[in-house]
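Turn this into a structure:
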Amino acid sequence: MLCGACGASLAMAAAILVEDLETYVGQYGPHGAIQRLNFIAATTDRKALKVDACRLCLDLLKRTTNTKGYTEVYSVLKELLESEDSQPPHYDAVWVEATTKQASILKDVYEQDMHQAKVTQIKETIRICHTQLASFCTEHGDYASALKNVTKSREFCSEPRAVFTTCMTIIKLNALNRQYTDIQSFASKAQHTPFKDECGADQSKICAAYGLYHMTSGKYKEAALSFAQVKPQDLGSTFADVLCAQDVAVYGVLCALASLERNEVQTKLIGASGFRECLDSVPQLRDLAMDFCSCNYRGCLSALGKLQEGLDLDVHLNGHVADICQQIRSKGMVQYFAPFLSVSLHSMAEAFNTDVEGIQAEVAQLVSKRQLDAKIDSHKKILHVRHSDQRKATYNNAMRVSQDFLDTTQALILRMNLLKRDFGVHMVRRAAH
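Numbers count the residues shown, from 1 in each chain. As a prediction, this is how the structure comes out:
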């Protein structure tokens, strides 16, 4: 883990505290921090934030052997600073040259070890050599090559613990590559590893991996239920390149508000002792969830709007923020209307911090999608519940019951006639010898 002021009360994971990047990345392992800083620098429109992200990224890259990444980030930073007539930082050419030479020598040694291992055909030795090469490639920033070596090492695993560790490493590398499709497969393999501790840290990491896969696939309900099972203290430093406890809280709350009912959010997230620890480290999200559960939609959506800029800069959440926020808003509207027979669009617009025309358009969209069973009086600006035709429903139910009775009666008559005429297949018992 990275050092620095990363107290839980000050840190806010996915909803980035853009004024304190050092605290933000201090929650992650070096590779996770580098990934997030690179993403922020590439995504944000704020020039000052780009510069800060690049500066921090350069410092972190020098703790690895990723000279290529160091040079690329330095070029971006130099271009940013030159455009505003600022002096770029010193380019450490000595470190780049020395690290490149050392990495080349080390790679030759590892490849020679691999050649010898394949000659001896000892499975455990081959696995260790693949693992060494994977670690080397990871430190070098070549996650694709690292993934190939780890995947090959899995073929030579003989111990359940090695299988589990390999699966979790593959999950980490896929997350660093932002390739989420294989995460579910290897989370399932880790889930069925005999060594896995059912109640300990292993289970929390697996649930976190499932949650990440479901969230990036747009399956927010499954993601929320997976994140709700994670115990923050069980993630540890080995999973820090993928997610930290605050990520679990942010992702879990957002996915839950977008997909679960209020009582489910209350019982499965806010009321759950394990997940409550995650929420307490992110008070903004805790208050947002409690506002939603207490029907304070104006306060909830206002707070969500303020967090949206930071959420858009999260490497895993980016691309889903607009959809999640819209689903939360739609869910709030449906739940707001549920207890009433009719609601004034004026009061509804005030509750959701918009104008009457805007709320009418949003409600009309929900009605067209059959998410809201209502009709709009556009003249009086009132939303009425659509009463179902009870007489028609009763008639249809009576016809269905009568048809079921006729079908059952005909089947019984057919069975009686078959038995009466001894028309059936009889089992022939063979005499015992």
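
what's the distance between the residue nearest to Leu80 when sequence neighbours are not counted and Ser83?
Spatial nearest neighbour of Leu80, chain neighbours left out: Val51 (5.5 Å); criterion: CB to CB, 6 or more residues apart in numbering. Every C-beta, even on glycine, is put in place using the N, C-alpha and C of the backbone. According to CB to CB, to the nearest Å, Val51 stands 10 Å off from Ser83.

who's more crowded, these two?
Using other CB atoms under 10 Å as the criterion, Val51 and Ser83 rank with Val51 on top: 17 against 9.

in what helix or strand does the more buried one lie?
helix 47-61 (DSSP states H and E).

right, and the helix or strand after that helix?
Following helix 47-61 toward the C-terminus (DSSP H and E): helix 67-83.

pLDDT (mean, whole number) over that following helix?
Helix 67-83 comes out with an average pLDDT of 90.

Numbering from 34 from now on, please.
All right, first residue 34 from here; so that's helix 100-116.

and it, what does it pack onto?
helix 63-76, helix 80-94, helix 126-153 (3 or more CB pairs under 8 Å, 6 or more residues apart in numbering; DSSP states H and E).

Could you list the low-pLDDT ranges of the chain?
34-52, 228-233, 420-422, 459-466 (pLDDT under 70).

How far off centre is stretch 72-85?
23 Å (CA atoms, centre = their mean, to the nearest Å).

what about that stretch, how long is it end to end?
In stretch 72-85, first residue to last residue: 13 Å (CA to CA, to the nearest Å).

buried residues in that stretch?
Phe72, Ile73, Ala74, Thr77, Leu82, Lys83, Val84, Asp85 (16 or more other CB atoms under 10 Å).

Give me the contact list for that stretch.
49, 51, 54, 86-87, 90, 106, 109-110, 113-114, 117, 345-346, 348, 351 (CB atoms under 8 Å, 6 or more residues apart in numbering).

Report all helices and strands that the helix or strand where Asp235 lies contacts.
If you go by DSSP H and E, Asp235 is part of helix 234-249. When contacts are defined as 3+ CB pairs under 8 Å, 6+ apart, helix 234-249 packs onto helix 193-210, helix 216-224, helix 253-260, helix 278-292.

hey, C-alpha coordinates of it in PDB?
What follows is helix 234-249 as a C-alpha-only set of coordinates in PDB (Å, rounded to 0.1, in the frame of the first residue of the first chain):
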ATOM      1  CA  ALA A 234     -11.000 -12.600   3.700                       C
ATOM      2  CA  ASP A 235     -11.100 -14.900   0.600                       C
ATOM      3  CA  GLN A 236     -14.900 -14.700   0.500                       C
ATOM      4  CA  SER A 237     -14.900 -10.900   0.700                       C
ATOM      5  CA  LYS A 238     -12.400 -10.600  -2.200                       C
ATOM      6  CA  ILE A 239     -14.500 -13.000  -4.300                       C
ATOM      7  CA  CYS A 240     -17.700 -11.000  -3.600                       C
ATOM      8  CA  ALA A 241     -15.900  -7.700  -4.400                       C
ATOM      9  CA  ALA A 242     -14.800  -9.200  -7.700                       C
ATOM     10  CA  TYR A 243     -18.300 -10.400  -8.500                       C
ATOM     11  CA  GLY A 244     -19.600  -6.900  -7.700                       C
ATOM     12  CA  LEU A 245     -17.100  -5.200 -10.000                       C
ATOM     13  CA  TYR A 246     -18.000  -7.600 -12.900                       C
ATOM     14  CA  HIS A 247     -21.800  -7.100 -12.400                       C
ATOM     15  CA  MET A 248     -21.500  -3.300 -12.100                       C
ATOM     16  CA  THR A 249     -19.400  -2.900 -15.200                       C
END
